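> Provided below are the primary sequence and the corresponding predicted coordinates.
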Amino acid sequence: RYVRQLQRLQLLFSPTAADARGARQFVEEAAQDFARQHPDVVLYVSPRSGPGPAPVLRAEYLNGTVRDELIASKTSEEVLQLATKLANQSGLDIIRIRKPFHTDNPSIQGQWHPLTNKPSILTVQGPRLQPQ
Amino acid sequence: TAMAARLLLRAVRPLLAGAGRGTGLGTAFSTAPPPEKKRWLRAYLELQRLQAPPQRRSEKPNWDYHAEIQAFSHRVQENFALDLLKTAFVNPCYIESEEARRRQLGLDKDAVALQLQDNTGLAERGLRFARAYLAQCFEGAYPELPAKGIEALVNFLTSQELVSYVAQNLSIQDLALCRDFPAPPDVLQRTFLAVIGALLESSGPERTGIFVRDFFIPQLIGKDLFEIWEVVNPMGLLLEELTKRNISAPEPRITRQLGVSTVLPVYFVGLYCDKKMLAEGPGETLLAAEEEAARVALRKLYGYTENRRPWDYSKPKQELAAEKAISSN
């Protein structure tokens, strides 16, 4: 069955800083709907007062990866899009995929080896036996 | 990353400006934050943060146990009775450590005794159900497989490493209450089996069966039968199987050979019953090739080859459809 890999989203922002306006609007308008649509993700909203670091959306996945995404100077819709993107990702590292294909069954009829189509020692080769 | 660095250093400028103003003009600007974090102090605090020992997730900020448990039940798409689920996560080592801590803090005997229940009962019930259900599944899917093979498969699927691996990837190590951190694999195994037991109590055996099937059986993908089941004498086992089916004893013959006089010879030994080929297996020496041929023959007989039909995950719908058909007629 499908198990959503996103465990929890932490929304860390300041209630007064100017670039956290999108985050504040997201919390006021869209955060509850997002939480209702994704009941398996725990959404923590923690405003930290005073001049702190930039507003960040921290995503924790089931395999332990923690991903921080800056939401400074983003609108509420962009933050919602970012949150849905994180919710649909798995926690694997985002690195270059070497090949766009992968298969668990590389060979269906058996991989070729030098003896595949060679007749075995036991087959007797000789003049065809006449039916009697 | 440059923008991120600029934004993260944004907080530094008001602090440094405040420090400069504080030293230069005295107490003129009282709203500036105190100049505590000098550049060298920040580097030292960062080093301390990186070298700190790993902590449980429940001890880090932003943790709501009830919400996490609800999210867990939604993530697994199962309806749990929440109090049963909460008892399932409580381990006996946690209760002992909590009672010892309370006794050390000098509380009365009434306050020392915790109101929590263990998960050992739930874990036992979960283990029994999981083993019975998996054995039933394998008996249905591989009817030729003997009891020892089924037992080996079930033991592998309920072994500590596998169950703790599945539990880790379902974030049970965050929710389980236990004494040590990180939770040892037997604790994770007990907790996961207790979760299965709690599901059994709340939703009944059918849903729990589907749960066990969905999380345990995909762990067999890509695994070979004899990696899981240690067979010491495959030839003897093969002879027993063939006598049960009234087939004569197999005759091993060399089918192909390569590089006989080299360091790495390859022999293909075929097993023939009544001059018909049963199986063929490669090996470095003749004995190894014969043993491998016996293993291939056993795999064919038990129906556990690599090209068998994949596991059928759709049974309950067929049963429901059958029931509907019967009730409508």
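In hand now; what should we look at?

> got the contact list for stretch A:73-86?
A:6, A:9, A:19, A:22-23, A:25-26, A:29-30, A:34, A:57, A:59, A:67, A:69, A:71 (CB atoms under 8 Å, 6 or more residues apart in numbering or on different chains). No exception for glycine: its C-beta is placed from N, CA and C like everyone else's.

> can you give me how far that stretch is from the chain middle?
Offset of stretch A:73-86 from its chain centre (CA atoms, centre = their mean, to the nearest Å): 17 Å.

> can you check stretch A:84-97 too?
3 Å.

> ditto for stretch A:49-68
17 Å.

> show me the contacts for B:Leu170.
Applying CB under 8 Å, 6+ apart, we find B:Leu170 in contact with A:Val3, A:Leu62, B:Phe72, B:Arg75, B:Val76, B:Phe192, B:Phe215.

> got those residues as TSV, with neighbour count and secondary structure columns?
Output for these, formatted as TSV (neighbours: other CB atoms under 10 Å in any protein chain shown; DSSP: H, G, I helix; E, B strand; the rest coil):
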residue	neighbour count	secondary structure
A:Val3	15	coil
A:Leu62	18	coil
B:Phe72	22	helix
B:Arg75	22	helix
B:Val76	18	coil
B:Phe192	25	helix
B:Phe215	21	helix
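
> okay, residue 45: pLDDT?
Just so you know, I chose chain A. You'll see A:Val45 listed with a pLDDT of 90.

> The intended chain is chain B.
For B:Leu45, pLDDT reads 86.

> Who are the packing partners of whichever strand or helix holds it?
Using DSSP states H and E, B:Leu45 maps to helix B:39-51. Counting contacts by 3 or more CB pairs under 8 Å, 6 or more residues apart in numbering or on different chains; DSSP states H and E, helix B:39-51 packs against no other helix or strand.

> neighbouring strands for whichever strand in chain A runs longest, and are they parallel or not?
Using DSSP state E to define each element, chain A has its longest strand at strand A:6-13. Strand pairing for strand A:6-13, determined by DSSP bridges: strand A:42-47 (parallel), strand A:56-61 (antiparallel).

> Now residue 67: which helix or strand?
Unless you meant another one, I'm taking chain A. strand A:66-70.

> ah, no, chain B please
Short version, using DSSP H and E: B:Ala67 is in helix B:65-75.

> Buried by neighbour count: which residues of that helix qualify?
B:Glu68, B:Ile69, B:Gln70, B:Ala71, B:Phe72, B:Ser73, B:His74, B:Arg75 (16 or more other CB atoms under 10 Å in any protein chain shown).

> does it come close to chain A?
Yes. Against chain A, helix B:65-75 shows contacts by CB under 8 Å from any CB of the partner chain at B:Ala67, B:Glu68, B:Gln70, B:Ala71, B:Phe72, B:His74, B:Arg75.

> Let me have the residues you listed in TSV, extended by pLDDT.
As requested, these are exported to TSV (pLDDT from 0 to 100):
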residue	pLDDT
B:Ala67	90
B:Glu68	90
B:Gln70	91
B:Ala71	91
B:Phe72	90
B:His74	90
B:Arg75	90
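
> other SSEs contacting the strand holding A:Arg67?
strand A:56-61, helix A:76-88, helix B:2-9.

> same thing but 10 Å
strand A:6-13, strand A:56-61, helix A:76-88, helix B:2-9 (3 or more CB pairs under 10 Å, 6 or more residues apart in numbering or on different chains; DSSP states H and E).
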